[in-house]
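>>> Below is the sequence, then the predicted model.
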Amino acid sequence: MKIGQALRTERLRLGLSQQEMCDGIISRPHYAKVEKGMYMINSENLFQILLKNKIDIMEFCELIQNTYNSQENKIDNQLQIEIDYAVNTKNVNEIEEYAEEIISTSKNEILKLRAIVTAAYFKGDVEKLSMQVREKIKKEFDEGRHWTRRPESLKLFANTMPLWAQDELDFFIGRLLMTVEKESFSELMLERYLRIFANYLAICYERKISEEKGHISEVIKYIILKATSFHLMIYRTTGIYMHLLFNGNKEEAQEIRESMKKCGYENLISSWPK
């Protein structure tokens, strides 16, 4: 879908006239020709229209991404979706299959590293990862790359967390905490950080690290404090659940787990430690 078509789709969804959609930004005749694909619209005017009408920018981008994305990125995105689904369902054969396809076809080095580590983790071969792979991964988290603010690097970190020794993992989480405490960012970025923090808690619990060590207590407090919007409540629940586990309150934690199952969230909590 092109930009003009996407604008028309959003306008009709909102029940607005063309004049209402573009009022105060560009003329209605000009806007009408944008919808028809006869005129271009500059980025400043486009964002003014989206923000004026409270149109979700990420949802709008989803409408147009297949039109403007390269074929190479489309293939990478589809493979990423496939391997993520295989991870969620813990289908090791499919994980290995998609990882091999990514490694052999993609030019995205971070995606390839993520695939290598994901396949190794689910096969129980993390310790067998070569020094070459480990050095490539470590290079991505160089301070000069601003990895704590880059979505692709954050995805790689999420995939490679089990690879790090506890002191290294604590160091990286400390860097993330410094970033989230000092800067403002979108709710989408907040969700990325919350997902990483939830994974950190699970790894620490599996490694039998006490809540007083590392950044465990800080992370729990951050999750509970920041995950306040409705679609982020699963992370807040995760924070409360992990706090109960770290303190040995397994019966209360189990009650939360059962409540989540009854509410239809069984897939979302499948990765929770018990």
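Perfect, I can see it now.

>>> tell me the helices in the stretch 151-274 of the chain, going along the chain?
Along the stretch 151-274 of the chain, counting by DSSP state H, counting those that start in this stretch, helices occupy 151-160, 166-182, 187-206, 216-226, 233-246, 250-262.

>>> so where's the stretch 51-200 of the chain uncertain?
143-145 (pLDDT under 70).

>>> could you redo the last one with a cut-off of 80?
When the per-residue scores of the stretch 51-200 of the chain are filtered using pLDDT under 80, the ranges that remain are 88, 142-145, 183.

>>> Now distance to residue 128 too, for the helices of the stretch 151-274 of the chain, in CSV please.
Just so you know, the C-beta spots here come from the backbone N, C-alpha and C atoms, and that holds for glycine as well. Supplementary listing: the helices of the stretch 151-274 of the chain in CSV, determined by distance: least, CB to CB, whole Å:
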stretch, distance to residue 128
helix 151-160, 15
helix 166-182, 18
helix 187-206, 19
helix 216-226, 29
helix 233-246, 29
helix 250-262, 33
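
>>> Nearest to residue 9, out of those helices?
For those, proximity to residue 9 was assessed by CB to CB; helix 187-206 is nearest, at 21.3 Å.

>>> Just the C-alphas of the closest one, formatted as PDB.
Output for helix 187-206, consisting of C-alpha atoms alone and laid out as PDB, is shown next (Å, rounded to 0.1, in the frame of the first residue of the first chain):
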ATOM      1  CA  GLU A 187       6.600   2.900  24.400                       C
ATOM      2  CA  LEU A 188       7.900   0.500  21.700                       C
ATOM      3  CA  MET A 189      11.500   1.000  23.000                       C
ATOM      4  CA  LEU A 190      10.200   0.600  26.500                       C
ATOM      5  CA  GLU A 191       8.700  -2.700  25.600                       C
ATOM      6  CA  ARG A 192      12.100  -3.800  24.200                       C
ATOM      7  CA  TYR A 193      13.900  -2.900  27.400                       C
ATOM      8  CA  LEU A 194      11.200  -4.600  29.500                       C
ATOM      9  CA  ARG A 195      11.500  -7.800  27.500                       C
ATOM     10  CA  ILE A 196      15.300  -7.900  28.000                       C
ATOM     11  CA  PHE A 197      14.900  -7.200  31.800                       C
ATOM     12  CA  ALA A 198      12.400 -10.000  32.100                       C
ATOM     13  CA  ASN A 199      14.800 -12.400  30.400                       C
ATOM     14  CA  TYR A 200      17.600 -11.200  32.700                       C
ATOM     15  CA  LEU A 201      15.500 -12.100  35.700                       C
ATOM     16  CA  ALA A 202      14.700 -15.600  34.300                       C
ATOM     17  CA  ILE A 203      18.400 -16.200  33.600                       C
ATOM     18  CA  CYS A 204      19.500 -15.100  37.000                       C
ATOM     19  CA  TYR A 205      16.800 -17.300  38.700                       C
ATOM     20  CA  GLU A 206      17.900 -20.300  36.700                       C
END
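
>>> For it, name the packing helices and strands.
The helices and strands touching helix 187-206, judged by 3 or more CB pairs under 8 Å, 6 or more residues apart in numbering; DSSP states H and E, are helix 151-160, helix 166-182, helix 216-226, helix 233-246.

>>> I'd like these as TSV, with mean neighbour count and distance to residue 101 appended.
What follows is the helices and strands packed on helix 187-206, written out as TSV (neighbours: other CB atoms under 10 Å; distance: least, CB to CB, whole Å):
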stretch	mean neighbour count	distance to residue 101
helix 151-160	19	16
helix 166-182	15	29
helix 216-226	18	34
helix 233-246	20	30
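
>>> and those helices as a markdown table, adding distance to residue 66?
What follows is the helices and strands packed on helix 187-206, written out as a markdown table (distance: least, CB to CB, whole Å):
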| stretch | distance to residue 66 |
| --- | --- |
| helix 151-160 | 19 |
| helix 166-182 | 32 |
| helix 216-226 | 33 |
| helix 233-246 | 28 |
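
>>> right, and those helices - which one's nearest residue 202?
Nearest to residue 202 among those is helix 233-246; the distance by CB to CB comes to 7.2 Å.
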